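Enquirer: Quick one: sequence plus predicted model below, questions after.
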There are 2 protein chains.
Amino acid sequence: MSAVAKSQKSVKIPTKPRGRPLEFNQDEALDKALHVFWSHGYEGASMAELTEALGINKPSIYAAFGNKEALFRKALAKYIAGPAAFVGTAMNEPTAHQAVETLLMQAVDFFSDESTPNGCMIVQGALTCGQSSLAIQQELIAYRGNFEDTLTKRFELAKVQGELAAKVNTKQLAKYIATVHQGMSVQATSGATREELIAIVVMALKSWPTTQQIA
Amino acid sequence: MSAVAKSQKSVKIPTKPRGRPLEFNQDEALDKALHVFWSHGYEGASMAELTEALGINKPSIYAAFGNKEALFRKALAKYIAGPAAFVGTAMNEPTAHQAVETLLMQAVDFFSDESTPNGCMIVQGALTCGQSSLAIQQELIAYRGNFEDTLTKRFELAKVQGELAAKVNTKQLAKYIATVHQGMSVQATSGATREELIAIVVMALKSWPTTQQIA
DNA sequence: TTATATTTGTACTGATTGGTAAATAAATAA
DNA sequence: TTATTTATTTACCAATCAGTACAAATATAA
């Protein structure tokens, strides 16, 4: 293919597609699927419930998203890029301490937001499951690992910048923050209020390593 | 019934039961069921898997324990009275701080014990689920609430004994400890090692309220 | 018009879910 | 022996699971 033809093809020509048009908005449907998976988990969400929530028939779901597993993965990607995107942006705070504080405080609002399911989809999506869901379970474990890696990197940066002492074990600190975050997710699904979650964050941040640290 | 007759009846006369004897040990079978529920959760454990693990046929299970829900509840009771009993005994430590430290350090050994599933059954038994398991989900939430109440009472005692300052919010402190505990359970099922869990406990205990507390 | 492409709704598939009916086996009581 | 009681085995139940075959519907292209 010539460079000209290639550039021409890359130009978005709004040619109408050939067959019968989709009667639903894929993005909105995925949002509804996300909501169902988020609140009931991968196994707890049945295709029957999903079809009803999406308002479209099963063959349309399978044509648009593949199978249940693929639908979950696409919903999860939307979750990470959308409502859970604050996790990444919080890392841009000027200090590691502020990054963690922002992260956890935004997590509080996120977990207690009544317009969405309470808790984190990556934590409760498939914490335990049957044999048929092991792949999804492992994927979520990997995502939680990525979360810790993100924190670790931010703490390493803080070391270079002199905010954290060289002796601080950044991986351990990251694991501790992740643990509090995951515990808060459990608390949120169990009915903890915004105020209760805030108090947890305040308590958790008291163990932040400082030069004045006693022990 | 006369008092004599009553006392006679209360004496354990080892009369052999009438029909065909049980061919399995109920207690051992319940232990195996506990193991399956503990590792796969309530929904993730199928009756097919349970029958295979217990080594007895389904009608025998139903005759001995009722239905799946009843079997889960009996396994849960065995879990609480058995492997998870350290939670209650840890409260008997001389100070609240020692009680929490003992609790969390024993939880580390408990969660990382390779002879049992990793993590806490009360946390991961039914964190999310379908409509048919809502009753179990709510029961586990209630058990987690009891856990916090136990901690709160211990902290109230510590206040009376002068260990904790009067201004300490015992409920918040209990919720924080419970949150760390639940987060550690998530970490354990995700593959965290004993050493990693210990480091989390050390970090978490740094926020313990003391008179020297800075903020 | 006719042909082609794509989506939709209905109705279905085989496998698995929790749960059980009924016959057989193994014990005690009479 | 015979009757009675209880447990085990086999084979099954209806409901639900994820997933699909197929024909009708709806669009563009020729």
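Expert: It's in. Numbers count the residues shown, from 1 in each chain, chains lettered A, B, ... in the order given.
Enquirer: hey, where'd the helices end up in chain A?
Expert: Using DSSP state H, the helices of chain A run over A:3-10, A:26-44, A:47-54, A:58-65, A:68-81, A:86-90, A:96-112, A:121-124, A:134-160, A:170-189, A:194-205.
Enquirer: doesn't A:His35 make contact with A:Thr116?
Expert: Yes. Counting by CB atoms under 8 Å, A:His35 is a contact partner of A:Thr116 at 7.2 Å. Heads up, the C-betas are built off the backbone N, CA and C, glycines and all.
Enquirer: For these two, indicate the residue with more neighbours.
Expert: More neighbours surround A:His35 than the other of A:Thr116 and A:His35, with 20 against 16 (other CB atoms under 10 Å in any protein chain shown).
Enquirer: who in chain A is up against DNA strand C?
Expert: Applying CB under 7 Å from any atom of the strand, we find that chain A lies next to DNA strand C at A:17-24, A:56-60, A:63-64, A:130.
Enquirer: on that earlier part again, please produce CSV containing the helices of chain A, extended by distance to chain B.
Expert: Formatted as CSV, the helices of chain A follow (distance: least, CB to the nearest CB, whole Å):
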stretch, distance to chain B
helix A:3-10, 42
helix A:26-44, 3
helix A:47-54, 8
helix A:58-65, 17
helix A:68-81, 13
helix A:86-90, 16
helix A:96-112, 11
helix A:121-124, 5
helix A:134-160, 5
helix A:170-189, 3
helix A:194-205, 4
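Enquirer: out of those, which comes closest to B:Ala178?
Expert: helix A:170-189 (7.5 Å; CB to CB).
Enquirer: thinking again about what came up before, ranking the helices of chain A by burial, who's on top?
Expert: helix A:121-124 (a mean of 26; mean count of other CB atoms under 10 Å in any protein chain shown).
Enquirer: Who are the packing partners of it?
Expert: Using 3 or more CB pairs under 8 Å, 6 or more residues apart in numbering or on different chains; DSSP states H and E, the elements in contact with helix A:121-124 are helix A:26-44, helix A:68-81, helix A:134-160, helix A:170-189.
Enquirer: how about 7 Å then?
Expert: helix A:26-44, helix A:134-160, helix A:170-189 (3 or more CB pairs under 7 Å, 6 or more residues apart in numbering or on different chains; DSSP states H and E).
Enquirer: Let me know the pLDDT of the residue nearest the centre of chain A.
Expert: Centroid check for chain A by CA atoms, centre = their mean gives A:Ile80 as the closest residue, at 3.9 Å. At A:Ile80, the pLDDT value in this model is 98.
Enquirer: I'd say A:His97 and A:Trp208 touch.
Expert: Yes. Applying CB atoms under 7 Å, one finds A:His97 in contact with A:Trp208, separated by 5.8 Å.
Enquirer: Around DNA strand D, which positions in chain A sit nearby?
Expert: A:15-21, A:45-49, A:58-59, A:62, A:67-69.
Enquirer: how about A:Leu30, what does it touch?
Expert: A:Lys74, A:Ala75, A:Lys78 (CB atoms under 7 Å, 6 or more residues apart in numbering or on different chains).
Enquirer: roughly how far apart are the last one and B:His35?
Expert: Going back to what we said before, that points to A:Lys78. Counting by CB to CB, to the nearest Å, the gap from A:Lys78 to B:His35 is 37 Å.
Enquirer: One more: the second one?
Expert: Note on A:Ala75: its distance to B:His35, by CB to CB, is 32 Å.
Enquirer: try A:Lys206
Expert: Distance from A:Lys206 to B:His35, by CB to CB: 38 Å.
Enquirer: residues in contact with A:Phe86?
Expert: A:Gln106, A:Phe110.
Enquirer: tell me which helix or strand of chain A sits lowest on mean pLDDT?
Expert: None of the helices or strands of chain A scores lower by mean pLDDT, DSSP states H and E than helix A:3-10, at a mean of 41.
Enquirer: re the thing from before, turn the helices and strands packed on helix A:121-124 into CSV, including mean pLDDT.
Expert: CSV is the format used below for these (pLDDT from 0 to 100):
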stretch, mean pLDDT
helix A:26-44, 98
helix A:134-160, 98
helix A:170-189, 98
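Enquirer: Name the nearest residue to A:Ala158, ignoring sequence neighbours.
Expert: A:Ala96 (3.6 Å; CB to CB, 6 or more residues apart in numbering or on different chains).
Enquirer: er, A:Ala135 actually
Expert: A:Ala135 sits nearest to A:Glu69 (CB to CB, 6+ apart), 7.1 Å away.
Enquirer: circling back to that earlier point, format the helices and strands packed on helix A:121-124 as JSON lines; extra columns: distance to B:Ala135.
Expert: JSON lines is the format used below for these (distance: least, CB to CB, whole Å):
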{"stretch": "helix A:26-44", "distance to B:Ala135": "14"}
{"stretch": "helix A:134-160", "distance to B:Ala135": "24"}
{"stretch": "helix A:170-189", "distance to B:Ala135": "16"}
